[in-house]
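In: Mind looking at a prediction? Sequence and model below.
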Amino acid sequence: MRYAIISDIHANLEALCATLKDIKNQHVDKIICLGDVVGYYPDPNKCVSLCKKSGLISIRGNHDDAALELCPIDNFNPIAQEALLWTAEHLKKENKEWLQLLPDHLVVDDDFLAVHGSPWDPYAYIFSSAGALRSFSYMRTNYPTISICFFGHTHQKALYTSDENSVEEVTQGTEYILGNSGLFLINPGSVGQSRDGIPGASYIIYHSEKRKIEFRHIPYDIETTQRKVRAAGLPMMLAERLSLGY
Ligand code: ZN
């Protein structure tokens, strides 16, 4: 099976369209989204519609939860809060209902785990080997037959590997063959708001038989998204950071 693994779309329509166009040329069997379909950018309804239309399989992220009032917004920074209130106000009822029905994690085809933040808590961030170590130990206890977990939430590409007692972060290259032993935690980066220092959208192609991971980076029309942020009256910092890839 060939999977496209995407995450953190954040209602950025130009980034989502460019990513789905690239995915179309990759001949995948399934598209999996690791949550945060909405929040931050000005096209939550068009992005949800496109997700429905493309048949992607998604879980909910913390921004989706907050826009649905499933969690309080106090834990978000002031700019994210402002965007979430805007999103909650503009998101159509049918799109809220679609988001509400998404699970908070998934085991896909008995092959891999899909989570937003971490296997033990959808709102926790994995930023370091310490966070990865805790996730690996949770996976061993709770998902003993699963060796791969895809996670999002940090908006940064990452690949951690683990044997019984050590964790390694792989930082070089764009293609990896996953070994047949050990566990793997893999972050595709973000479609809608890259924080890798490189402007554009990121996602992963995962080939399950070859156990191959390919990180892909897609340029898109950032100026149009920035113009729409301004027109919607959303915080300008959200537009500016797209040019910086942070
Ligand atoms: Zn996010």
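Out: Ah, there it is.
In: Least confident secondary structure element in this protein?
Out: strand 167-169 (a mean of 85; mean pLDDT, DSSP states H and E).
In: Now do the SS call for Pro72.
Out: Assigned with DSSP: H, G, I helix; E, B strand; the rest coil, Pro72 falls in the coil class.
In: what number of residues lie near it?
Out: Using other C-beta atoms under 10 Å, Pro72 is surrounded by 9 other residues. The C-beta positions use only the backbone N, C-alpha and C, and glycine is treated the same way.
In: roughly how far apart are it and Asp65?
Out: Using C-beta to C-beta, to the nearest Å, we find Pro72 at a distance of 10 Å from Asp65.
In: The least confident helix or strand of the chain packs against which elements?
Out: helix 129-142, strand 157-162 (3 or more C-beta pairs under 8 Å, 6 or more residues apart in numbering; DSSP states H and E).
In: Distance to Ile204 for these - can I get that in TSV?
Out: Output for the helices and strands packed on strand 167-169, formatted as TSV (distance: least, C-beta to C-beta, whole Å):
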stretch	distance to Ile204
helix 129-142	17
strand 157-162	8
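In: To Val28, which of these lies closest?
Out: The closest of the helices and strands packed on strand 167-169 to Val28 is strand 157-162. By C-beta to C-beta, the value is 18.5 Å.
In: Parallel or antiparallel, which strands does that closest one pair with?
Out: Sheet pairing for strand 157-162, assigned by DSSP bridges, gives strand 167-169 (antiparallel), strand 183-188 (antiparallel).
In: Contact residues of this protein facing the ion?
Out: By C-beta under 5 Å from the ion, the part of the chain that sits against the ion consists of Asp8, Asp36.
In: one more time with 6 Å
Out: Contact residues, the chain versus the ion (C-beta under 6 Å from the ion): Asp8, His10, Asp36, Gly61, His63, His153, His155.
In: and Leu70, what does it touch?
Out: Arg60, Gln100 (C-beta atoms under 8 Å, 6 or more residues apart in numbering).
In: what does the model give it for pLDDT?
Out: Per-residue confidence (pLDDT) for Leu70: 96.
In: And Asn165, by the same measure?
Out: Looking at Asn165, the pLDDT reads 72.
In: Assumed it was part of a strand.
Out: No. Counting by three-state DSSP, Asn165 is not found in a strand; it is coil.
In: List phi and psi for it.
Out: phi -130, psi 20 (degrees, to the nearest 10).
In: how many other residues sit next to it?
Out: 6.
In: Can you give me the distance of it to Leu183?
Out: 12 Å.
In: buried sites along the least confident helix or strand of the chain?
Out: Across strand 167-169, burial judged by 16 or more other C-beta atoms under 10 Å covers Val167.
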